[in-house]
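this one's structure only:
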């Protein structure tokens, strides 16, 4: 039941048509403190039309309101505070959660519409670093959240397997590399060559010309360049998949930039047909002045294509393939201008579906305040970070619960989950500094804290033994349970909000709030005491376990049964 809607209808019914239910609904607030009620309506909104002080309006309206279905309704200065009937509310929430289980919060808002999500997208021949973590885990969580809202997500790993960097890499390999070295340690050796190229071209700028020539050969289908490119790509993918397996993330498509190499001529032809291409200093551009944007550079003076040319081809291909209702690009905030240009060019080409393309930007991860960079060689490998997180989790498990079954599996779930949760609890546009020891703590606002809370709920249920939990017999009078019940009831709206804002942190913050409220309840209540409300308390514990597990799942984090 939408209790906010109930409050809105109650207020609207005594306003004689001055405000619709929808208008009232948008104005209702949630007080910061429970003692001020569960919902509050500010009477300021009526002061002009009723020509009275808000305090007087609040007082008069309370006298007209039918308080049936509420614990009480009272004026508080210019506000009308509504206190819900806690027993009825709690009983309804628990009954709903236990009947729907993991489907709780599921809705069909998306009506099955497809949503391709461009995410992760590491560059071939470079290791997956901490710099790739955000796009990968934000994209994966958004996929799960969109599915929960009735969409059908399509996870696309738009690999960086094309571009001038391959000219640089081939040049470096030809100058300093060996087949034997690459076969022995492919990713690290290829990275070493790439970094060396950028060090040497400071003194030898002619290397850039050689690299440009090699990339042009690759574009023209040169046999040697193509064979080297295929080799670099296959070795890289093997390495990438090992890390994705560790994260528990899969993809529906690995079509990267190279896939669109034979699809760009059509894009250029379409631009020419609409007279959109203009010459500028020998290059081909699309004028975007009317969008207050710089010209979009489609072809360079040497005829080589750019990222935006391939991204135009990719956008058109995805629309034709998926007939998407939304198309998401989980790409760093530094690319905001690029995606504005992409949408503007598509709009100029007559594709109104460009309005359904959404760039989902995110901030940077820094290490000790410094940006991570491949060119300078300051790379923090994601694989190593995950391994270190698992080891830290194992150490804490050994200290807290040395007899734990499947300790290795749980350490993996906790360590990897900690890294994912730490990323997603931050609003995605914010940057943050990474400190592994803070991330893998069992206390504070961490993934392990939420996982431990859920495991605690499962432990309580095991201790209850054969006690049968009846979803119908769940009336709790304990006031300590109120915050937990309210948190549980809010989950379906949290799911909708996370999708509307493309914001996994909404789910992560909810999980922390529910975990904190439940732990407070646990500390102040004798859940297993044999009395008339024991079944109801256990039903609440089971509801918390169900919803915490589902919230963690939406973040791509596993929930161990024991910790």
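Thanks, I have it. The structure presented is a predicted model; accordingly, all values stated were derived computationally and were not measured. Numbers count the residues shown, from 1 in each chain.

which helix is the longest one in this structure?
Longest helix in the chain by number of residues, with DSSP state H as the criterion: helix 223-247.

which other residues reach the next helix-or-strand element following that helix?
Scanning forward in sequence from helix 223-247 by DSSP states H and E, the next helix or strand is helix 264-273. Applying C-beta atoms under 8 Å, 6 or more residues apart in numbering, the external contacts of helix 264-273 come out as 277, 284, 286, 298-299, 305, 309-310, 312-313, 316, 345, 349. The C-beta positions use only the backbone N, C-alpha and C, and glycine is treated the same way.

Filter those residues down to just the ones in strands.
Mapping the contacts of helix 264-273 onto strands (DSSP state E) picks out 277, 284, 286, 298, 299.

can you pull up the bridge partners for the last one?
In this structure, residue 299 bridges to residue 284, residue 305 when assessed by DSSP bridges.

Neighbour count for the contacts of helix 264-273 - can I get that in TSV?
Below are these laid out as TSV (neighbours: other C-beta atoms under 10 Å):
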residue	neighbour count
277	20
284	23
286	21
298	22
299	19
305	24
309	26
310	22
312	28
313	22
316	19
345	25
349	18
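
For the stretch 451-563 of the chain, which segments are assigned as strands?
Along the stretch 451-563 of the chain, no segments are classed as strands by DSSP state E, counting those that start in this stretch.

looking at it, residue 367 is touching residue 130, isn't it?
Yes - counting by C-beta atoms under 8 Å, residue 130 is a contact partner of residue 367 at 7.1 Å.

So for the two, which residue has more residues nearby?
residue 130 (20 against 16; other C-beta atoms under 10 Å).

Spit out the contact partners of that one.
With C-beta under 8 Å, 6+ apart, residue 130 has these contacts: 365, 367, 372, 380, 381, 382, 385, 434.

Now go through those residues and say which are in helices.
382, 385.

Out of the contacts of residue 130, flag the one nearest to residue 417.
The nearest member of the contacts of residue 130 to residue 417, counting by C-beta to C-beta, is residue 385 at 13.3 Å.

For that closest one, which residues are in contact?
Contacts for residue 385 (C-beta under 8 Å, 6+ apart) come out as 130, 419, 436.

cool, residue 177 as well?
189, 193.

Now with 6 Å, please.
By C-beta atoms under 6 Å, 6 or more residues apart in numbering, residue 177 lies in contact with residue 193.

now it: how far from residue 289?
46 Å (C-beta to C-beta, to the nearest Å).

what's the answer for residue 386, then?
Taking C-beta to C-beta, one finds residue 386 at 47 Å from residue 289.

who has more neighbours, the two?
Per other C-beta under 10 Å, whichever of residue 386 and residue 289 has more neighbours is residue 386, with 21 against 8.

I'd like to know how far that one sits from residue 300.
From residue 386 to residue 300 the distance is 39 Å (C-beta to C-beta).

same deal with residue 327?
27 Å.

Same check on residue 310?
13 Å.

Give me the number of neighbouring residues for residue 227.
10.

Would you mind listing the two of the ones in strands among the contacts of helix 264-273 that lie farthest apart?
Across the ones in strands among the contacts of helix 264-273 (C-beta to C-beta), the longest gap, 10.6 Å, separates 286 and 299.

returning to that earlier point: quick one: common contacting residues for residue 367 and residue 130?
By C-beta under 6 Å, 6+ apart, the residues touching both residue 367 and residue 130 are residue 380.

low pLDDT regions in this structure?
Under the criterion pLDDT under 70, the flagged ranges of the chain are 304-305, 368, 372-378, 467.

now with 50?
The chain contains residues with pLDDT under 50 at 374.

Name the residues that touch stretch 513-531?
Counting by C-beta under 6 Å, 6+ apart, 450, 453, 460, 478, 480, 481, 483, 484, 487, 537, 544 sit against stretch 513-531.

Tell me the buried residues within those.
450, 453, 460, 478, 481, 483, 484, 487, 537, 544 (16 or more other C-beta atoms under 10 Å).

residues touching the fifth one, list them.
The reference is to residue 481. Counted by C-beta under 6 Å, 6+ apart, residue 481 has contacts 521, 540.

Distance check, it against residue 541.
Residue 481 is 10 Å from residue 541, by C-beta to C-beta.

try the fourth one
Distance of residue 478 to residue 541, given as C-beta to C-beta: 12 Å.

And for the first one?
Summarising the geometry, the distance separating residue 450 from residue 541, computed by C-beta to C-beta, is 15 Å.

what's the answer for the third one, then?
Computed with C-beta to C-beta, the distance linking residue 460 and residue 541 is 5 Å.

got the contact list for residue 143?
117, 153, 155.

quick one, helices of the stretch 51-200 of the chain?
Residue ranges of the helices in the stretch 51-200 of the chain, as given by DSSP state H, counting those that start in this stretch, are 54-64, 86-100, 133-148, 164-176, 179-184, 186-200.

do the same with the stretch 301-450 of the chain
307-322, 336-348, 382-400, 407-425, 436-439, 447-463.

out of the ones you listed, which comes closest to residue 472?
helix 447-463 (17.9 Å).

quick one: buried residues of the closest one?
Applying 16+ other C-beta under 10 Å to helix 447-463 flags 447-461 as buried.

Go through these and name the one nearest residue 37.
Residue 37 has its nearest neighbour among those in residue 453, at 27.3 Å by C-beta to C-beta.

Relative to residue 120, how far out is the closest one?
Relative to residue 120, residue 453 is positioned 30 Å away (C-beta to C-beta).

same question, residue 155
The gap separating residue 155 from residue 120 is 8 Å, by C-beta to C-beta.

Between these two, tell me which one has more neighbours.
A count of neighbours by other C-beta under 10 Å puts residue 120 above the other of residue 155 and residue 120, at 28 against 22.

looking at it, the more buried one is touching residue 136, isn't it?
Yes - at 4.2 Å, residue 120 counts as touching residue 136 under the criterion of C-beta atoms under 6 Å.
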